[in-house]
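K.L.:
Mind folding the following:
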Amino acid sequence: MKQTERKHLAIIEAAKAEFITHGFLASNMDRISTEAAVSKRTLYRHFESKEVLFVSVLTIIQESVAENVRYEYDPSKTLTEQLTAITSREADVLYTTYGIPLSRTIVMEFLRQPELALNLIKDLYSTKAITDWFQQAITAGCMVDKNVMLLTNIYISLFQGLLFWPQVMNISPNSEGKELDDNIETIVSVFLASHMIKEKP
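P.N.:
Purely as a prediction, here's the structure:
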């Protein structure tokens, strides 16, 4: 890896930590450059403003998720088994790849800059992977043939209602262990109760 690339990655990691700790408004480019061990001149050569850096951090995370998260429909397994595994993976992406502290910062900044939300929220987490899996299940005749984006939105609403918003709003801690398993079971059972035709082809 070239030195320029190493510096770029160091800035991204330092910025992610800064945004988590201080939020967007209170984040400081001086601290980011110090933590990344680069000069402010180098920092601004890579990212012209704090806003550009913030969007870059989110975009890099999103691209990483898009590259690494894929869900293939498996006709040998029930829909319940598959969607349970998918929901477990989604929870892992949320809690370990993004993390609730960064997610909280993202939400607060989206409220401050609605136009940013319009550009980025559609790609948050691995919605494309879920949408693709729903389409495969529909094609296999195991799920109702509805608008696939509507199905995705319904699923995401259930998922975020139990595993995202209560944690972002500090109402509940991150779900773990049996509580996480129970929440995943609820999301899957409620969703499939309305949209599953049959468990197996």
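K.L.:
average pLDDT for the helix ranked longest in the chain?
P.N.:
In the chain, assigned by DSSP state H, the helix with the most residues is helix 3-26. Mean per-residue pLDDT for helix 3-26: 89.
K.L.:
now that helix, how far from the chain's geometric center?
P.N.:
With CA atoms, centre = their mean, to the nearest Å as the basis, helix 3-26 stands 18 Å off its chain's centre.
K.L.:
At which residues are the helices of the chain located?
P.N.:
3-26, 29-36, 40-46, 50-68, 79-92, 100-112, 114-120, 127-139, 148-163, 165-168, 177-195.
K.L.:
residue contacts, the nearest residue to residue 16 once chain neighbours are set aside?
P.N.:
By the measure of CB to CB, 6 or more residues apart in numbering, the closest residue to residue 16 outside its immediate chain neighbours is residue 57, 5.2 Å from it. Yep, even glycine has a C-beta here, placed from its N, CA and C like the rest. For residue 57, the contact set (CB atoms under 8 Å, 6 or more residues apart in numbering) comprises 12, 15-16, 19.
K.L.:
helices or strands up against the longest helix of the chain?
P.N.:
Helices and strands touching helix 3-26, by 3 or more CB pairs under 8 Å, 6 or more residues apart in numbering; DSSP states H and E, are helix 29-36, helix 40-46, helix 50-68, helix 100-112.
K.L.:
What residues of the longest one count as buried?
P.N.:
When you say that, I think you mean helix 50-68. Across helix 50-68, burial judged by 16 or more other CB atoms under 10 Å covers 50, 53-58, 60-62, 65.
K.L.:
CA-only coordinates of that helix in PDB, if you can.
P.N.:
C-alpha atoms of helix 50-68 as PDB (Å, rounded to 0.1, in the frame of the first residue of the first chain):
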ATOM      1  CA  LYS A  50     -15.400  18.300   7.500                       C
ATOM      2  CA  GLU A  51     -18.700  17.600   5.600                       C
ATOM      3  CA  VAL A  52     -16.800  15.900   2.800                       C
ATOM      4  CA  LEU A  53     -14.900  13.800   5.300                       C
ATOM      5  CA  PHE A  54     -18.100  12.800   7.100                       C
ATOM      6  CA  VAL A  55     -19.800  11.700   3.800                       C
ATOM      7  CA  SER A  56     -16.600   9.800   2.800                       C
ATOM      8  CA  VAL A  57     -16.600   7.900   6.100                       C
ATOM      9  CA  LEU A  58     -20.200   6.800   5.600                       C
ATOM     10  CA  THR A  59     -19.600   6.000   1.900                       C
ATOM     11  CA  ILE A  60     -16.600   3.800   2.600                       C
ATOM     12  CA  ILE A  61     -18.600   1.900   5.300                       C
ATOM     13  CA  GLN A  62     -21.500   1.400   2.900                       C
ATOM     14  CA  GLU A  63     -19.200   0.200   0.100                       C
ATOM     15  CA  SER A  64     -17.600  -2.300   2.400                       C
ATOM     16  CA  VAL A  65     -21.000  -3.600   3.400                       C
ATOM     17  CA  ALA A  66     -22.200  -3.800  -0.200                       C
ATOM     18  CA  GLU A  67     -19.100  -5.700  -1.200                       C
ATOM     19  CA  ASN A  68     -19.100  -8.200   1.700                       C
END
